[in-house]
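Undergrad: Sequence first, then the predicted structure, then my questions.
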Amino acid sequence: MKRVVIVGPPPVQILDVTGPLEVFSNAPDYQVLLATPGDTRSVMTSRGIALGEATPLSELVGPIDTLVVVGGPGAESGVPHEELVAWLERVAPTCRRVAAICTGAFVLGQAGLLAGRRVVTHWSFCARLAQEFPEAEVCPEPIFLKDEGIYTSAGITAGIDLALALVEEDQGHEAALRIAKFLVMFLVRPGDQSQFSHMLSMQFGASRPLRELQVWIQDHLQSKLTVETLAERMGMSERHFARICHSELAMSPAHFVERLRVATAQSLIDTSTKGLKEVAAECGFSSAEVMRRAFVRTLGISAGDYAQRFGRMKG
């Protein structure tokens, strides 16, 4: 039975705690403990909700397999929690692996655990993490990173992705998929994927009509999605629709469609065992070669290379 201890300086971000807690609690062979610095038996969250049945650090005895340090306002304050940092300095070297969720990376840095490591945190804190801990190599893009026995993750829900990866490391991909399915997650994301999905990035500057069009396109990827078809759907002339795409998305209508097809293909490669020809057909590419060229234009790597790195395909 592997013991997993989750701890952070209060107040903590509630999902940083409950996300990994649910993942590990739904996997066999883990004993999961919520710990807290100080004498209380609860952990205060940033939303004013106290999580009960916590064990004070002073009462923790015995080996810890996986130590998870969570983030939140307590970790982001810039003032180290002296008791927790001293405990980490003493205990972390005895653990098989140490993971930080979101801004929990700052606590690891205060305990001297980030030196010489490639690490990540929430995108809005990456610059600050790099400034405060210049001995670490801060990588702002990935969802999570592993550098020897130190694991770090991006913001909030990425902690669930990291916890699933730790379960997969111990028990295999099928076990992680079963938990993700139970938690009604869309997919198990590889750590090297960006904190920003292509679909989400395209929505940042888009008006509601373009966001609604994006949903419609995703439901009709196998159709012939010409500028004329899309402009008609939007109730605009082709010229005006093209101007809207350029002004709001900084891309042409054709590029807009291609990006959506590539993003959908990524998801299929991540989660299915379909071959590249099947994925290409399902996403509206006329051939696997056309999809390959679209991947190179959009991601800088071919669909085949992407499948080798991230996929669960037959080949």
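TA: The structure has been received and is ready for your questions.
Undergrad: where does the chain dip in pLDDT?
TA: In the predicted model of the chain, residues 186-206, 310-315 satisfy pLDDT under 70.
Undergrad: how does it divide into domains?
TA: 2-182, 198-310 (automatic domain parsing).
Undergrad: can you list the ones you listed in JSON lines and add mean neighbour count?
TA: To be clear about C-beta, it is placed using only N, CA and C from the backbone, and glycine gets the same treatment. Output for these, formatted as JSON lines (neighbours: other C-beta atoms under 10 Å):
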{"stretch": "domain 2-182", "mean neighbour count": "20"}
{"stretch": "domain 198-310", "mean neighbour count": "17"}
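Undergrad: nearest residue to the residue of the chain most remote from its centre other than its sequence neighbours?
TA: Each residue of the chain has a distance to the centre, and by C-alpha atoms, centre = their mean the biggest one is for residue 237: 39.0 Å. Spatial nearest neighbour of residue 237, chain neighbours left out: residue 231 (6.2 Å); criterion: C-beta to C-beta, 6 or more residues apart in numbering.
Undergrad: contacts for stretch 286-294?
TA: Residues outside stretch 286-294 that contact it (C-beta atoms under 8 Å, 6 or more residues apart in numbering): 258, 261-262, 265, 276-277, 279-280, 283, 285, 302-304.
Undergrad: and if we set it to 7 Å?
TA: Residues from elsewhere that reach stretch 286-294, judged by C-beta atoms under 7 Å, 6 or more residues apart in numbering: 258, 261-262, 265, 276-277, 280, 283, 285, 302-304.
Undergrad: swap in stretch 106-124?
TA: By C-beta under 7 Å, 6+ apart, stretch 106-124 touches 8-9, 69, 75-76, 80, 84-85, 88-89, 92, 98, 100, 102-103, 105, 129, 132-133, 135-140, 142, 144-145, 147, 150, 152-155, 195.
Undergrad: before we move on, the earlier item: ok but the residue nearest to residue 237 is inside a strand, no?
TA: No - judged by DSSP: H, G, I helix; E, B strand; the rest coil, residue 231 forms no part of a strand; its state is helix.
Undergrad: show me what contacts it?
TA: 237-238, 241.
Undergrad: and the residues you listed as a markdown table, adding distance to residue 20?
TA: Shown next, in a markdown table, are the contacts of residue 231 (distance: C-beta to C-beta, whole Å):
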| residue | distance to residue 20 |
| --- | --- |
| 237 | 51 |
| 238 | 49 |
| 241 | 44 |
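Undergrad: Nearest to residue 49 among those residues?
TA: residue 241 (46.7 Å; C-beta to C-beta).
Undergrad: Just give the closest residue to that closest one, not the sequence neighbours.
TA: Residue 241 sits nearest to residue 231 (C-beta to C-beta, 6+ apart), 3.9 Å away.
Undergrad: ditto for residue 121
TA: According to C-beta to C-beta, 6+ apart, the nearest residue to residue 121 is residue 105 (4.3 Å).
Undergrad: which element is that neighbour on?
TA: helix 104-110 (DSSP states H and E).
Undergrad: Same check on residue 146?
TA: Per DSSP H and E: strand 144-147 holds residue 146.
Undergrad: Need the residues that contact that strand.
TA: 117-120, 139, 151-154, 158, 161-162, 165, 191.
Undergrad: from the residues you listed, which ones fall inside strands?
TA: 118-119, 151-153 (DSSP state E).
Undergrad: do you know how far residue 246 is from residue 253?
TA: For residue 246, the distance to residue 253 under the criterion C-beta to C-beta, to the nearest Å works out to 9 Å.
Undergrad: same thing with residue 169?
TA: As judged by C-beta to C-beta, residue 169 and residue 253 stand 43 Å apart.
Undergrad: Including distance to residue 270, could the ones in strands among the contacts of strand 144-147 go into CSV?
TA: Converted to CSV, the ones in strands among the contacts of strand 144-147 look like this (distance: C-beta to C-beta, whole Å):
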residue, distance to residue 270
118, 22
119, 24
151, 20
152, 21
153, 18
